[in-house]
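Asks: Below is the structure, and that's it, no one-letter string:
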């Protein structure tokens, strides 16, 4: 019986997939899963398409309709994300009670960490803006306008979720000419979220830093926050815990002076000056007299030792 | 001096041609250059937001983006493949992970035990000297089996065993058994590491049980009513059990083999043969002691020197242990009475 308690992978590929599902020190880029609800059309479909375009290639799209209600029972959504190895999900549906509904969420340990239901009040797709588009895979600048973003815990989480969704990947460096997309999220007093997306035009300013102008490229949407589910403080803290191994420890014996020069202190072992091979110089060589003296000394030492040994034995 | 003034004025004029890159803000914006993020906590101009929303939003975003880009352009840059690249600092916004931070690998049962007892791994030599082969053979691994084979080219059949047993096959079987046991233990270790509670046997729960096990559970449960499941509803696609016996309810279990076989005569003859030609098992120790006894009796009959049996070392203690008395004297644990039956 005990053999049946766990299932062993049968193929190498299966083993690899299972290994990828285990906790990892450095996690790969977070992919987004697109799931359709019972009914999903019109603005919702368009919005999901645009999101897909913005998130490419970190996406996974499921085309079938699913009889899921994420706020009542998220288990099947959790299962789908687990199977597709996704960290984020978008669930689109439209119904009489909640028209044009989009659920944005993310997972931790195969369970929904937090999700937000956003109702689309107004939507203008990317295709409706007839102008130059940005290139693919551009890391956007994110702008959050409004004092309310930091005021309630829910909005703080939503902001974090938006950053998680749109920031693409963590990068070390960025090409200055490649900063060409900005997304702005504005929260108004009546708790509506206005999403706008612009292309950045770099203009001359007579200085090194350019003057920028914006050109709207879409999508442009007004969302209303409907239902929300946020993780408890404990779980959220646990989810944000970073591995200790990745933290850079303090480097010893390295300092920088006022001029920015790097200085290091190196410890050396004791030098064995006696046995170091140096250049052979005639002047340092032993003379025959010295050699003879040495031999004599050795002889005397041997003799005394022998005499002592004899005395000890008797 | 005039020249300097002139140049400065000219520069100022040139600057006036362009729009400014500076932005005035009432409250300072929070920047996270590592994620290209800016949060503006300033209040909106409500009238503007109501009347011409789009223009206001664009202007607001432009200002904030300008601030962010100003910060990015300040960063140290380097040239990579004919493009200027700015090095971004570490992001300050912490995003949640998908899974927990991996911890240390949990110890196996043996590792735990060894740690408690302070047992450390001993390093075995790569090669050991084999006296029968008269050469150095690998202790394990490559060519170890080959050496073993050349050493054990013949195997003794023990006296009490059937002379026709294949000792080589037995050796292989023994090894296979060991491998299987090891595999089971490995699995158990994995289960223990995952900290899942599982019953050792019986119904394993919906996660672990296979479909056939679940089906069996259903049939057994259904037939467990007073009317042996006669009035129970059927499930869709349910397979009915062959009958009501325990062997029939639980499929897969082997049915009792029929006593009638194709070579019945042969089997019966074998049985008679095994009874009639029964070889007595030889107990060597018993035989030796019996032989000794016989010899001793023979010697006594002859009138030879009779060796007196020496009292055994521990036998002398018998006298020391006193008869236990209730509530009297001290107990002397050092002078222990003989264990076993209580003597009175």
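Replies: Received the coordinates, thanks. Keep in mind that this is a model prediction, so the values were computed, not measured. Residues are numbered from 1 along each chain as shown, chains lettered A, B, ... in the order given.

Asks: Okay, helices next: where are they in the chain?
Replies: I went with chain A, as the question did not name one. A:12-20, A:42-55, A:75-83, A:153-166, A:233-239, A:288-313 (DSSP state H).

Asks: I was thinking of chain B, sorry if that wasn't clear
Replies: Using DSSP H, helices in chain B cover B:2-17, B:46-51, B:53-74, B:109-117, B:144-151, B:167-194, B:211-222, B:246-249, B:264-276, B:284-302.

Asks: CSV for those helices, including distance to residue B:81?
Replies: Where C-beta positions appear, they are placed from N, C-alpha and C, glycine not excepted. Output for those, formatted as CSV (distance: least, CB to CB, whole Å):
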stretch, distance to residue B:81
helix B:2-17, 32
helix B:46-51, 44
helix B:53-74, 19
helix B:109-117, 51
helix B:144-151, 56
helix B:167-194, 48
helix B:211-222, 58
helix B:246-249, 74
helix B:264-276, 86
helix B:284-302, 88
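
Asks: Contact partners for the residue nearest to residue B:67 when sequence neighbours are not counted?
Replies: Distances taken as CB to CB, 6 or more residues apart in numbering or on different chains put residue B:23 closest to residue B:67, at 5.4 Å, once the chain neighbours are dropped. Counting by CB atoms under 8 Å, 6 or more residues apart in numbering or on different chains, residue B:23 touches B:63-64, B:66-67.

Asks: now the helices of chain A as CSV including mean neighbour count, distance to residue B:129 and mean pLDDT?
Replies: Compiled in CSV, those are given as follows (neighbours: other CB atoms under 10 Å in any protein chain shown; distance: least, CB to CB, whole Å; pLDDT from 0 to 100):
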stretch, mean neighbour count, distance to residue B:129, mean pLDDT
helix A:12-20, 11, 41, 91
helix A:42-55, 19, 67, 93
helix A:75-83, 17, 56, 94
helix A:153-166, 19, 65, 94
helix A:233-239, 14, 57, 94
helix A:288-313, 10, 41, 91
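
Asks: just for chain A, where's the confidence low?
Replies: A:1-6 (pLDDT under 70).

Asks: Who does the top strand by length along it pair with, and is each partner parallel or antiparallel?
Replies: Counting by DSSP state E, the longest strand found in chain A is strand A:111-124. With DSSP bridges as the test, strand A:111-124 is paired with strand A:101-108 (antiparallel), strand A:220-229 (antiparallel).

Asks: and the angle from the last one to helix A:42-55?
Replies: Just to be clear, that refers to strand A:220-229. 90 degrees (axes from the mean of the first three to the mean of the last three CA atoms, to 10 degrees).

Asks: ok, and for strand A:220-229, which residues are buried?
Replies: Within strand A:220-229, the residues that count as buried by 16 or more other CB atoms under 10 Å in any protein chain shown are A:220-223, A:225, A:228-229.

Asks: Quick check: closest non-adjacent residue to the residue of the stretch 201-314 of chain A at minimum distance from chain B.
Replies: Scanning the stretch 201-314 of chain A for proximity to chain B using CB to the nearest CB identifies residue A:239 as nearest, at 3.7 Å. Using CB to CB, 6+ apart and skipping residues adjacent in sequence, the residue nearest residue A:239 is residue B:96, 3.7 Å away.
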